[in-house]
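Q: my questions are about this predicted structure, shown below with the sequence.
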Amino acid sequence: MNRKEYEPACRQMERLDPFFRQVWEKAYADEIPITGTFELTPRCNFNCRMCYVHLPESQIQQHGRELSAAEWIRIAEEAREAGTTWLCITGGEPLMHPEFETIWRELSGMGFFITLQTNASMVSRYEKLFEECPPRQCKITLYGSSDEVYEKVCRVERGFTRADEGIRMLRQMKIPVELVSTVINQNLDDVENIIRYVDASRLPWIPNINVRTAGRGVDVDMEHLRIRPPERKNTDADDDGGNGGAGNSSGAAESLGKRRKFDPDRKPCTYCKDYRIGYWIVWNGYMRFCSFMNGPDIPVREKPFAECWKELIKCWSALEWPQECRACEYKESCARCAALFDIDDGKLMIRDEFCKKRKG
């Protein structure tokens, strides 16, 4: 095998501590699932225009059954045995899982380094819980600098006010906070105000314009939400459409337009920092590569975690670009990602709208 083809993506993560870089590289070499994401629920108290996960409670049963606290705890115990150390808890809005407190207490007691991904509007309800069992970090979605902008993006009342209150509470509790903003047409004019808020808060911030259509069963028309990326200079950034810019707002706005170099001969998932070391478990009980993809459907609810992990590794290794991509005249300039494709019977399937836009 070509060594370059399988170079761990963590080597490109400049901010990674040298000690943790060695840990991640060892996990990569030995195929240890050191990092995982538990997507607890599709429920959310916001209704963000670009969300591909959120389902109204009345529609949840059409797509499956939420894992119970007992099921999540069993999976977590087996994941820990397999080597999982870093864990992200997300949703939907994870705090809306009916048994969130039970899940959180049990996972905290297992010794994971836990990141909570939340819109922050409900954290005040769990102040005592987070005092007793604090997350290692909170990653908070920030969609505007005012309630008016939140109404446009998230279609809720007092969205910014509630998020800001949650952010302030977490900071008072000395819990590290990182802000993440998805920029769409409905909040584009507010970006400068968001930057002012970030600067005043002195918090790390990741802006993103990478609004993707995900094959997750939620019918969302993303096209009218996407904005045109800013003009960009040539860059060697290892980035897929703007998922960078951490630290603070200095230089973060410019990072919206960065794109990685693309090697047409490299395997699909080897660009991902979670390749061979990470996984995503969706709310209805399937282990997958990442949040965007509609497969593979590895039923961790029914099988032991270790068995599911081995199956995921096998799927990763077998995945190839479609023949159409390998023969395409745009293959060296098309910064495609496996998450932009559907999976059918272990193969990547091209979405016509993706190719039309790239060739446009």
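A: Yes, it's here.

Q: alpha carbons only for contacts and neighbour counts from here, please
A: Noted.

Q: who's in contact with the residue most central in space within the chain?
A: Note on the chain: the residue nearest the mean C-alpha position is Ser291, at 6.1 Å, using CA atoms, centre = their mean. Residues in contact with Ser291 (CA atoms under 8 Å, 6 or more residues apart in numbering) are Trp280, Val282.

Q: can you tell me the helix or strand for it?
A: Under DSSP states H and E, no helix or strand contains Ser291.

Q: distance of it from Gly111?
A: 24 Å (CA to CA, to the nearest Å).

Q: same thing with Lys152?
A: Taking CA to CA, one finds Lys152 at 39 Å from Gly111.

Q: next: Tyr197.
A: 34 Å.

Q: compare neighbour counts for those two and give me the winner.
A: Tyr197 (15 against 11; other CA atoms under 10 Å).

Q: Three-state assignment for the more buried one, please.
A: helix (DSSP: H, G, I helix; E, B strand; the rest coil).

Q: surely it meets Ser145?
A: Yes. Between Tyr197 and Ser145 there is a contact under CA atoms under 8 Å: 6.9 Å.

Q: which residues in the stretch 151-300 of the chain form helices?
A: For the stretch 151-300 of the chain, applying DSSP state H, counting those that start in this stretch gives helices covering 159-172, 191-201.

Q: next, the buried residues of the longest one.
A: In other words, helix 159-172. Going by neighbour count (16 or more other CA atoms under 10 Å), the buried part of helix 159-172 is Gly159, Phe160, Arg162, Ala163, Asp164, Glu165, Gly166, Ile167, Arg168, Met169, Leu170.

Q: and if you look at the last one?
A: In terms of neighbour count (16+ other CA under 10 Å), helix 191-201 has its buried residues at Val191, Ile194, Ile195, Val198.

Q: for the record, mean pLDDT for it?
A: Taken as a whole, helix 191-201 has a mean pLDDT of 96.

Q: okay, angle between that helix and helix 159-172 too, please.
A: Here the directions of helix 191-201 and helix 159-172 differ by 20 degrees (axes from the mean of the first three to the mean of the last three CA atoms, to 10 degrees).

Q: ok now helix 191-201, how far from the chain's centre?
A: Distance of helix 191-201 from the chain centroid (CA atoms, centre = their mean, to the nearest Å) equals 23 Å.

Q: dump the C-alpha coordinates for it into PDB.
A: Presented in PDB, the C-alpha positions along helix 191-201 are these (Å, rounded to 0.1, in the frame of the first residue of the first chain):
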ATOM      1  CA  VAL A 191     -21.200  37.900  10.300                       C
ATOM      2  CA  GLU A 192     -19.400  41.100  11.300                       C
ATOM      3  CA  ASN A 193     -21.600  41.400  14.400                       C
ATOM      4  CA  ILE A 194     -21.000  37.700  15.200                       C
ATOM      5  CA  ILE A 195     -17.200  38.500  15.000                       C
ATOM      6  CA  ARG A 196     -17.700  41.400  17.400                       C
ATOM      7  CA  TYR A 197     -19.500  39.100  19.800                       C
ATOM      8  CA  VAL A 198     -16.700  36.500  19.500                       C
ATOM      9  CA  ASP A 199     -14.000  39.100  20.000                       C
ATOM     10  CA  ALA A 200     -15.800  40.600  23.100                       C
ATOM     11  CA  SER A 201     -16.200  37.100  24.500                       C
END
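
Q: number the chain from 17, please
A: Sounds good: first residue 17 from here, last item helix 207-217.

Q: what is it packed up against?
A: Contacts defined by 3 or more CA pairs under 8 Å, 6 or more residues apart in numbering; DSSP states H and E place helix 207-217 against no helix or strand at all.

Q: that older thread, now the phi/psi pair for the residue nearest to the centre of the chain, please.
A: phi -70, psi -30 (degrees, to the nearest 10).

Q: any idea how far Tyr68 is from it?
A: 9 Å.

Q: what of Pro338?
A: Taking CA to CA, one finds Pro338 at 24 Å from Tyr68.

Q: of those two, who's got more company?
A: Tyr68 (23 against 14).

Q: next, the more buried one: secondary structure please.
A: Classified using three-state DSSP, Tyr68 is coil.

Q: do the same with Ile156
A: strand.

Q: which residues touch it?
A: Gln133, Thr134, Asn135, Ala136, Ile183, Val193, Glu194, Leu195, Val196.

Q: can you pull the pLDDT of it?
A: So Ile156 comes in at 98 (pLDDT).

Q: CA atoms only for stretch 34-45, dumped as CSV, please.
A: The C-alpha coordinates for stretch 34-45 follow below in CSV (Å, rounded to 0.1, in the frame of the first residue of the first chain):
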residue,chain,number,x,y,z
PRO,A,34,2.6,16.6,20.4
PHE,A,35,1.7,14.0,23.2
PHE,A,36,-1.9,13.6,21.9
ARG,A,37,-0.5,13.4,18.3
GLN,A,38,1.5,10.3,19.3
VAL,A,39,-1.6,8.8,21.0
TRP,A,40,-3.7,9.4,17.9
GLU,A,41,-1.0,8.0,15.6
LYS,A,42,-0.7,4.8,17.8
ALA,A,43,-4.5,4.4,17.7
TYR,A,44,-4.4,4.8,13.9
ALA,A,45,-1.7,2.2,13.5
